[in-house]
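Trainee: structure here, sequence nowhere to be found:
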């Protein structure tokens with residue numbers, strides 16, 4: 001029997017440093033569109049010569065997961081993704097932050113009437129408690145079909161395989177509570193990882209913004225989780241524990257926890273504290289830590305501090321886990337960061353690579369309340385996850401992968417940043433976070449090309465044609481109302497094409513300032 005969803009914490013992570021979709025009826029229609037887009041039934045990727053791939057090569061499976069083989073999944077990418085074995089031999093590890101309140105399904109119901117649709121994606125959901133900000137979420141996981149048997153375990157196994165197929169080493173699981181549905185999902189995720197892929201690792205991340213307990217109780221709970229073979233341990237057997245907002249307690253408090261794990265439970269620990277303010281806490285936590293991390297910044301103009309943070313961690317003799325993110329927009333907190341289309345994703349990955357980070361944490365895999373998800377979603381499909389795999393491969397192998405398939409990623413908002421809802425019912429509106437880049441209204445066409453080509457774009461009624469070079473190149477265009485699309489031609493023939501599934505609108509009922517993404521690697525039919 002499904003457990004009743006628990007309302008996520010709304011101020012879980014203080015910062016360091018709709019659109020018509022949400023209306024009844026139309027929302028269900030777009031959910032069905034999303035189901036088709038994730039099903040593979042209308043997906044016809046182009047090869048370099050402009051010919052559609054066969055359904056088994058580049059299409060997604062009917063479940064919305066990647067193709068049934070790694071070779072099939074790789075055809076959606078502009079490069080050939082190395083095998084899981086090759087990537088896992090790297091000393092550089094990549095974890096994705098798993099947020100337990102938002103699994104693939106909360107109640108095993110059809111997507112058009114499930115808990116996400118009824119309660120999170122509408123202002124009227126959960127008795128109207130989210131009405132002030134137009135609904136809790138603006139996006140959701142790609143819908144999955146109803147299942148018999150242990151559907152929760154099956155869905156978590158699906159997520160493990162999806163992450164594995166993108167080159168990710170494991171999840172850093174956010175432990176929000178020591179009982180209840182979110183705790184149960186932590187335990188089930190460990191079980192799912194062990195059964196779906198024994199090489200997939202789960203980093204235990206107790207969340208100190210929500211856990212109000214003593215070191216003994218927390219140590220005993222972590223010891224229970226550590227019994228799973230999926231719990232990540234170093235080569236010398238030490239259990240990796242990476243507390244979120246570690247500075248909520250003193251180094252002495254954490255020493256009590258690790259001492260109890262050692263003496264009473266026989267578990268040696270490698271502590272990798274994650275801070276909201278790293279520089280203020282690095283020196284005093286250094287004696288008890290194996291490595292360090294921070295939650296990071298979600299604006300592309302605010303990434304420069306990553307270089308100094310990595311250097312400080314290494315100077316103290318510690319591993320550094322670099323945060324890599326897509327974007328951040330929080331309706332229920334009335335705040336967002338200007339991500340600059342894919343600029344934040346590319347900049348944060350660039351620092352991980354150039355500054356010599358040891359590990360990376362993708363922040364986040366599935367926190368839809370922050371709009372920060374890398375996981376395949378209704379509005380973005382696999383676009384952000386596919387794009388991340390390119391930089392992940394460079395991070396883990398030390399060499400940039402060769403582009404072998406022309407691929408285009410298109411990102412834009414569906415509203416102008418300064419526009420306000422026309423319904424007048426949403427009282428709390430998002431505004432830029434202090435220190436964020438200035439809001440911008442742009443369409444970005446990010447091309448991965450095997451050779452120079454012509455790029456034709458349509459943004460509303462505006463058309464543009466230009467030559468673009470081989471390699472990776474972002475092209476920015478002014479945002480206009482209507483739909484956007486991009487086609488790459490070589491020798492007069494189309495070799496890659498992508499179209500936004502959602503138009504830019506001047507009139508809308510609910511504010512939605514996340515960037516929507518689409519990729520020519522997995523295009524949907526009109």
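Mentor: All right, it came through fine. What you see is a predicted model, and the numbers here were worked out from it, not measured in a lab.
Trainee: now do the contacts for residue 269.
Mentor: Residues in contact with residue 269, defined by CB atoms under 8 Å, 6 or more residues apart in numbering, are 238-241, 257-258, 261-262. The way it works is simple: take the backbone N, C-alpha and C, and place the C-beta from them, glycine included.
Trainee: next: residue 293.
Mentor: Residue 293 touches 242, 272-275, 278, 320-323, 359, 361, counting by CB under 8 Å, 6+ apart.
Trainee: do you know how far it is from residue 356?
Mentor: Distance of residue 293 to residue 356, computed by CB to CB, to the nearest Å: 15 Å.
Trainee: and what of residue 481?
Mentor: Shown here: residue 481 relative to residue 356, a distance of 44 Å by CB to CB.
Trainee: endpoints of stretch 171-185, how far apart?
Mentor: 13 Å (CA to CA, to the nearest Å).
Trainee: ok, residue 182 touching residue 101?
Mentor: Yes: assessed by CB atoms under 8 Å, residue 182 is found in contact with residue 101 at 6.3 Å.
Trainee: check residue 166 and give its pLDDT.
Mentor: pLDDT for residue 166: 97.
Trainee: right, and it touches residue 390 too?
Mentor: No: between residue 166 and residue 390 there is no contact under CB under 8 Å: 10.4 Å.
Trainee: tell me which element the closest residue to residue 387 other than its chain neighbours is part of?
Mentor: Excluding its sequence neighbours, the residue lying closest to residue 387 (CB to CB, 6 or more residues apart in numbering) is residue 409, at 5.7 Å. Assigned by DSSP states H and E, residue 409 belongs to strand 407-412.
Trainee: show me the contacts for the most centrally placed residue in the chain.
Mentor: What sits nearest the mean C-alpha location of the chain, by CA atoms, centre = their mean, is residue 374, with 2.0 Å. For residue 374, the contacting residues are 96, 326, 362, 364-365, 384-385, 388, by CB under 8 Å, 6+ apart.
Trainee: so which of those belong to helices?
Mentor: Judged by DSSP state H, the contacts of residue 374 include 384-385, 388 as members of helices.
Trainee: what is the nearest of those residues to residue 394?
Mentor: Of all the ones in helices among the contacts of residue 374, residue 388 has the smallest distance to residue 394: 10.9 Å, by CB to CB.
Trainee: how much space between the closest residue to that closest one other than its chain neighbours and residue 416?
Mentor: Distance criterion CB to CB, 6+ apart; nearest residue to residue 388, sequence neighbours excluded, is residue 374 at 5.9 Å. From residue 374 across to residue 416, the span is 26 Å (CB to CB).
Trainee: packing partners of the helix or strand that the strand holding residue 409 is followed by?
Mentor: Next along the chain after strand 407-412, taking DSSP H and E as the criterion, comes strand 431-432. If you count contacts as 3 or more CB pairs under 8 Å, 6 or more residues apart in numbering; DSSP states H and E, strand 431-432 packs onto strand 335-336.
Trainee: and the contacts of the strand it packs on?
Mentor: The contact list for strand 335-336, computed with CB under 8 Å, 6+ apart, reads 15, 327-330, 371, 430-433, 436, 513-514.
Trainee: and that strand, which strands flank it?
Mentor: Strand 335-336 pairs in its sheet with strand 329-330 (antiparallel), strand 431-432 (parallel), by DSSP bridges.
Trainee: state the mean pLDDT of the first one.
Mentor: It stands for strand 329-330. Averaged over strand 329-330, pLDDT sits at 97.
Trainee: contacting residues around the residue nearest to residue 387?
Mentor: Applying CB under 8 Å, 6+ apart to residue 409 gives the contacts 342, 383, 386-387, 444-446, 448, 498, 517-520.
Trainee: 7 Å - rerun?
Mentor: 342, 383, 387, 446, 517, 519 (CB atoms under 7 Å, 6 or more residues apart in numbering).
Trainee: now for these: which two are most distant?
Mentor: Of all pairs drawn from these, the one with the longest distance (CB to CB) is 342 and 519, at 11.1 Å.
Trainee: point out where the stretch 1-150 of the chain drops to low pLDDT.
Mentor: Applying pLDDT under 70 to the stretch 1-150 of the chain flags residues 1-74.
Trainee: all helices of it, in order?
Mentor: Secondary structure of the stretch 1-150 of the chain (DSSP state H, counting those that start in this stretch): helices at 26-39, 55-58, 70-74, 84-88, 115, 125-128.
Trainee: okay, buried residues for the fourth one please.
Mentor: Read it as helix 84-88. For helix 84-88, the buried set under the neighbour-count rule, 16 or more other CB atoms under 10 Å, comprises 84, 87-88.
Trainee: redo those as TSV? Include distance to residue 268.
Mentor: TSV is the format used below for the buried residues of helix 84-88 (distance: CB to CB, whole Å):
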residue	distance to residue 268
84	28
87	27
88	23
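Trainee: ok, the residues you listed vs residue 476, which is closest?
Mentor: Distance to residue 476 across the buried residues of helix 84-88 (CB to CB) is lowest for residue 87, with 31.8 Å.
Trainee: distance of the closest one relative to residue 322?
Mentor: Noted for residue 87: a distance of 17 Å to residue 322, by CB to CB.
Trainee: now residue 333
Mentor: Going from residue 333 to residue 322 by CB to CB gives 25 Å.
Trainee: tell me which of those two has more neighbours.
Mentor: Higher neighbour count among residue 333 and residue 322: residue 322, with 26 against 20, using other CB atoms under 10 Å.
Trainee: buried residues in the helix or strand the more buried one falls within?
Mentor: Using DSSP H and E, residue 322 falls within strand 319-324. Under the neighbour-count criterion of 16+ other CB under 10 Å, strand 319-324 has 319-324 buried.
Trainee: farthest pair in those residues?
Mentor: Within the buried residues of strand 319-324, 319 and 324 form the most distant pair, 15.7 Å apart (CB to CB).
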